[in-house]
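In: give me coordinates for this.
(2 chains)
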Amino acid sequence: MRLTQGAFSYLPDLTDEQIEAQVNYCIDHGWAVNIEYTDDPHPRNTYWEMWGMPMFDLASARPVLDALQACREAFTNHYIRISASDSEKGWESLRLSFIAQRPAVEPGFQVVRSNGPGRQINYTTRSYATDQPPEQRYRDV
Amino acid sequence: MEPTERSAEDRYKSGVMPYAQMGYWQPDYEPVDTDVIALFRITPQVGVDPVEAAAAVAGESSTATWTVVWTDRLTACESYRAKAYRVQPVPNRDDQWFAWIAYDLDLFEGGSIANLTASIIGNVFGFKPLKALRLEDMRIPVAYLKTFAGPPTGIVVERERLDKFGRPLLGATVKPKLGLSGRNYGRVVYEALRGGLDFTKDDENINSQSFMHWRDRFLYCMEAVNRAEAATGEVKGTYLNVTAGTMEEMYERAEFAKELGSVVIMIDLVIGYSAIQSLSNWSRRNDMILHLHRAGHGSYTRQRDHGISFRVIAKWMRMAGVDHIHAGTVVGKLEGDPLTIAGVYDTLREEVTPQRLEHGVFFEQPWASLNKVMPVASGGIHAGQMHQLLHYLGEDVVLQFGGGTIGHPDGIAAGAIANRVALESMVMARNEGRDYYNEGPDILRDAAKTCGPLARALETWGDVTFDYTSTDTPDFVATPTVS
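Out: The predicted structure follows:
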């Protein structure tokens, strides 16, 4: 499967040049840029691990691209996303979020059903990747 | 017409007196910050003085009746009288006037759209001396706004819950509107969501008919939602329409949607303002996004001479507290002048809606931190218009392609993919600083090179447009004469 979280997952994976253009868009709006990574891409896993602190007051995209490169080297087979935070009153949340790296093989998710009364079914979405303990996820690819 | 100073004895003598002389016309009145202000378009009957007509509207929408009553004198009647304070001819019309009318805050019960509207659009729209009457805009004072809770979720929190940022959301209404069984209906939902849409939607008249019981629909739809979430790793939703004949039935359906784990429920405007406020409260208690379909509004919002402007309905719905509202597409099949629609979108999404006469917005409206409402653009739109949609409607909007998804020659999922690829490529181009509005067709063609479904969509619908003259357009002069 292909995880389609983020703003651009239906397009071919972004080149570094394309990532730089998006980061510049965020900088032009005065947003802080954050890099996060995870090996558990469950749709409700809100808190991916932070790669350092969000970067405020950026003058160029360079520090983001350098940090992204370092994160990729440390986690060659994880998901990495770039997000931008806007502190404007009335928003104070993310303005953009997109995937900047994905593992070579994405095992996807299983729907687990439990039958209830009146034909009611309770659903759970289970990530195949998290079947393994953290150090063994995405290991053989 | 000048208001007349009268002695109390003279003013309250039994009989009939022009409204303007009863205190409802006060050209020197300066509205205060806590006043509710309404702007009416008045078409008096031939021979009726426009100022007297405006005073009559003020009177009939506040304390007056057709004759003098002595019981006025038992009250602080001067503060309860609405005051028409300005009348101006409508630009380029010789039979219509704009009238500004101020209402004291104490005329209205807090937190009740029903009470507000019972005054403002109560008796007065059937008043004989007027040929026609339209409520064009209102200024709601912050003091009154603070008695409403507003949208239970709002744009920002909706995005946080869905984990979707930086692009418009995508939806589709399941078609055909009527007749699908629950099982077939869920198929459409599944294909559209796994293809790439964020939401699917019940249509306004899908409730619980002979061909599909509501419980059946909810169960099959949630199977589809959960399968699509697993197939994509994204949060998905389907607007489960809980509209029914009674509040009890609507609560029952909403509770069931909650038990099944739906992130969103839906209601129709025709259930009424109080029912909307009740379901807004329910949604706030249950962390549910509340989608409103504006079924019925065209019967009173579309004609410029009579009724209520949709921008006023939008304002009331932000107060009543809905998270989504259908608000026009500009380029689709339904009524939608671009400037008028910009005024409605501003009303729903801004922290402070600025006065813009060219958009039909007569008053600056601060929103006092009431959540923002996500506008929904639905009706006759397709992937080939993506650059126009992004340009006119912006980023915080749900773009709903019903026919433009389900009618795709290669199937529903292909239609969804086409829409999502068109959207993402346009947002990416915009963020890169490209002139996406003018280069839009090129951007779409480039994206279609690596996306067969988009290529097919452009072949099928690329040239479809709905180019008709709009009925509801603002009347304004380039040099505003109002404050």
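
In: make it CA atoms for all contacts and neighbour counts henceforth
Out: OK.

In: where does B:K333 land on pLDDT?
Out: Listed pLDDT for B:K333 reads 68.

In: any idea which element A:L68 lies in?
Out: Using DSSP states H and E, A:L68 sits in helix A:62-74.

In: show me what that helix is packed up against.
Out: Where contact means 3 or more Cα pairs under 8 Å, 6 or more residues apart in numbering or on different chains; DSSP states H and E, helix A:62-74 is packed against helix A:16-28, strand A:32-38.

In: residues from chain A in reach of chain B?
Out: A:1-8, A:10-11, A:21-22, A:25, A:41-44, A:46, A:90-91, A:93-97, A:108-111, A:119-123, A:125 (Cα under 8 Å from any Cα of the partner chain).

In: report the buried members of the residues you listed.
Out: Applying 16 or more other Cα atoms under 10 Å in any protein chain shown to these, the neighbour count classes A:3-8, A:10-11, A:21-22, A:25, A:41-43, A:91, A:93-97, A:108-111, A:120-123, A:125 as buried.

In: in strands, which of these fall?
Out: Per DSSP state E, strands hold the following members of those: A:S93, A:L94, A:R95, A:L96, A:S97, A:F109, A:Q110, A:V111, A:I121, A:N122, A:Y123, A:T125.

In: turn those into TSV, including distance to B:S309.
Out: Output for those, formatted as TSV (distance: Cα to Cα, whole Å):
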residue	distance to B:S309
A:S93	33
A:L94	34
A:R95	32
A:L96	34
A:S97	37
A:F109	47
A:Q110	48
A:V111	46
A:I121	44
A:N122	44
A:Y123	44
A:T125	45
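
In: same list (the residues you listed) but as TSV, adding pLDDT.
Out: TSV is the format used below for these (pLDDT from 0 to 100):
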residue	pLDDT
A:S93	98
A:L94	98
A:R95	98
A:L96	98
A:S97	98
A:F109	96
A:Q110	95
A:V111	96
A:I121	94
A:N122	94
A:Y123	96
A:T125	95
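
In: check contacts around the residue in chain B that chain A sits nearest to.
Out: The nearest approach of chain B to chain A comes at B:G166, 4.2 Å away (Cα to the nearest Cα). B:G166 is in contact with A:A7, A:R95, A:L96, A:S97, B:E395, counting by Cα atoms under 8 Å, 6 or more residues apart in numbering or on different chains.

In: which members of those are the farthest-apart pair?
Out: Spatial extent of the contacts of B:G166 (Cα to Cα) is set by the pair A:S97 and B:E395 at 13.6 Å.

In: could you check which helix or strand contains the nearest residue to B:Q96 once chain neighbours are set aside?
Out: Nearest non-adjacent residue to B:Q96, counting by Cα to Cα, 6 or more residues apart in numbering or on different chains: B:T43, 4.7 Å away. In this assignment (DSSP H and E), B:T43 forms part of strand B:36-44.

In: would you mind listing what in the stretch 301-450 of chain B touches chain A?
Out: Within reach of chain A by Cα under 8 Å from any Cα, the stretch 301-450 of chain B has these residues: B:E351, B:S369, B:I417, B:R420, B:V421, B:E424, B:S425, B:M428, B:N431, B:E432, B:G433.

In: per-residue confidence for A:G118?
Out: Among the per-residue scores, A:G118 holds a pLDDT of 89.

In: neighbours of it, how many?
Out: Summarising burial for A:G118: neighbours were counted as other Cα atoms under 10 Å in any protein chain shown, giving 7.

In: do the one 10 residues further on as well
Out: For A:Y128, the count of nearby residues is 16 (other Cα under 10 Å).
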